[in-house]
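Student: I'll drop the sequence and a predicted model, then ask my questions.
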Amino acid sequence: MPFCCSPSIPNVFDVISERPWEIAVPPFQVAPRTYYVSGQRWAGSYLIDTGDGCILVDTGVLESCPLLVESVHELGYSLRDIRIILVSHAHVDHCGAAGMLAHLSGADVLMSGEDEEFMRACPEETLAIDPRLRAQPFEVSGHFSDDEPVTLGEVSVRTLLTPGHTCGCTSFFWDVENPASGERYTVGMHGGVGVNTMNDEYYASSAYLTPALRERFVEDAGRLARMHVDIALPSHPNQIEIMDRAGSYTDEAQPYLDAGVWAEFLAERVRQVREAMGSQVSRR
């Protein structure tokens, strides 16, 4: 699976809020135990079957929640199978449906302490970034710690604070076994790499985020790139192209297995951040 990315969806807030079915996608497997279930191709959500219930990574927006629910059911799971919801960061496109899904499933919702504070202090930069998207408030059951994985059943998700896109953006890593070969893979998802919150224009109006977060993002990217990740998953599927292989997964084929993608993906995001910084300098 060579690394490539694709353009973002035009007018995506209009589409996701009024006509989410236009970007609907059925659920598909991306790794052993791991499925793409957001139901749409804008913001990703992943369901991990731990053998003792499921972990849901991110929820998408409230407006596309019916598509996520349908995806979970289509795979043969019930919402009540979801025991834990992990929130990568406090933006509405990743946790807008957390309140509804927590209520329907009874799951605990976990996120970083840094981003819970950001969410409570600055709703206009997190849950209320656009009037077309309506997020329900949700209760946070606990916070991540880099030193303590989130464990359920046979899966432990290691969390790593990776600020930049937000102050508490968190990345997730978990190990899975291929039932056909017995091989072990590390799956990784960076919590957020959007340049839209790592530029001087944004910092000038933000009540919370500062350029120090951008510096931390670039510094961390080098360290993260040295981590071994066999299957790199995007928080937005245009950031790492996965839709082109949707539905082709088999345990024998492993269409998303490529240990080189992770480092290439991070290098591209750093390039985009530096390009934005350069364009800002040239305008001064």
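Tutor: Arrived safely.
Student: so where is this structure shaky, pLDDT-wise?
Tutor: Low-confidence segments of the chain (pLDDT under 70): 1, 279-284.
Student: nearest residue to the middle of it?
Tutor: Ser235 (3.1 Å; Cα atoms, centre = their mean).
Student: phi and psi next, for Glu219.
Tutor: Main-chain dihedrals, Glu219, degrees, to the nearest 10: phi -60, psi -50.
Student: for the residue nearest to the centre of the chain, what are its contacts?
Tutor: Ala43, Gly44, Asp58, Ser88, His94, Met189, His190, Gly191, Gly192, Val193 (Cβ atoms under 8 Å, 6 or more residues apart in numbering). Placement of C-beta: from N, CA and C, glycine included.
Student: quick one: it is in a strand?
Tutor: No: assignment of Ser235 by DSSP: H, G, I helix; E, B strand; the rest coil gives coil, placing it outside any strand.
Student: quick one: it from Met111, how far?
Tutor: To Met111, Ser235 is 14 Å away according to Cβ to Cβ, to the nearest Å.
Student: before we move on, what about Cys54?
Tutor: Applying Cβ to Cβ to Cys54 and Met111 gives a distance of 18 Å.
Student: what is the burial count for Ile231?
Tutor: Around Ile231 there are 25 other residues, counting by other Cβ atoms under 10 Å.
Student: touching, it and Leu257? I think so.
Tutor: Yes: using Cβ atoms under 8 Å, Ile231 is in contact with Leu257, at 5.8 Å.
Student: overlap in contacts, the two.
Tutor: Common contact partners of Ile231 and Leu257 (Cβ under 8 Å, 6+ apart): Tyr185.
Student: quick one, what contacts the residue nearest to Ala259 when sequence neighbours are not counted?
Tutor: Excluding the flanking residues, the one nearest Ala259 by Cβ to Cβ, 6 or more residues apart in numbering is Asp230, at 5.2 Å. Neighbouring residues of Asp230 by Cβ under 8 Å, 6+ apart: Tyr185, Thr186, Val187, Leu257, Asp258, Ala259.
Student: so Ile242 sits right up against Thr34, yeah?
Tutor: No: with contact defined as Cβ under 8 Å, Ile242 does not count as touching Thr34 (11.4 Å).
Student: what touches both of those two?
Tutor: With Cβ under 8 Å, 6+ apart, Ile242 and Thr34 have common neighbours Leu233.
Student: check this protein for its longest helix and report it.
Tutor: helix 261-283 (DSSP state H).
Student: quick one: it to chain centroid distance?
Tutor: Distance of helix 261-283 from its chain centroid, counting by Cα atoms, centre = their mean, to the nearest Å, is 19 Å.
Student: which residue ranges form the helices in the chain?
Tutor: Under DSSP H, the chain gives helices at 12-18, 65-74, 92-95, 98-105, 113-121, 200-205, 211-225, 261-283.
Student: among those helices, show me which one is buried the most.
Tutor: helix 92-95 (a mean of 28; mean count of other Cβ atoms under 10 Å).
Student: how close does Arg120 sit to Thr59?
Tutor: 18 Å.
Student: returning to that earlier point: make JSON lines out of the helices of the chain and add distance to Pro26.
Tutor: Listed next are the helices of the chain as JSON lines, based on distance: least, Cβ to Cβ, whole Å:
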{"stretch": "helix 12-18", "distance to Pro26": "17"}
{"stretch": "helix 65-74", "distance to Pro26": "7"}
{"stretch": "helix 92-95", "distance to Pro26": "20"}
{"stretch": "helix 98-105", "distance to Pro26": "19"}
{"stretch": "helix 113-121", "distance to Pro26": "30"}
{"stretch": "helix 200-205", "distance to Pro26": "35"}
{"stretch": "helix 211-225", "distance to Pro26": "31"}
{"stretch": "helix 261-283", "distance to Pro26": "23"}
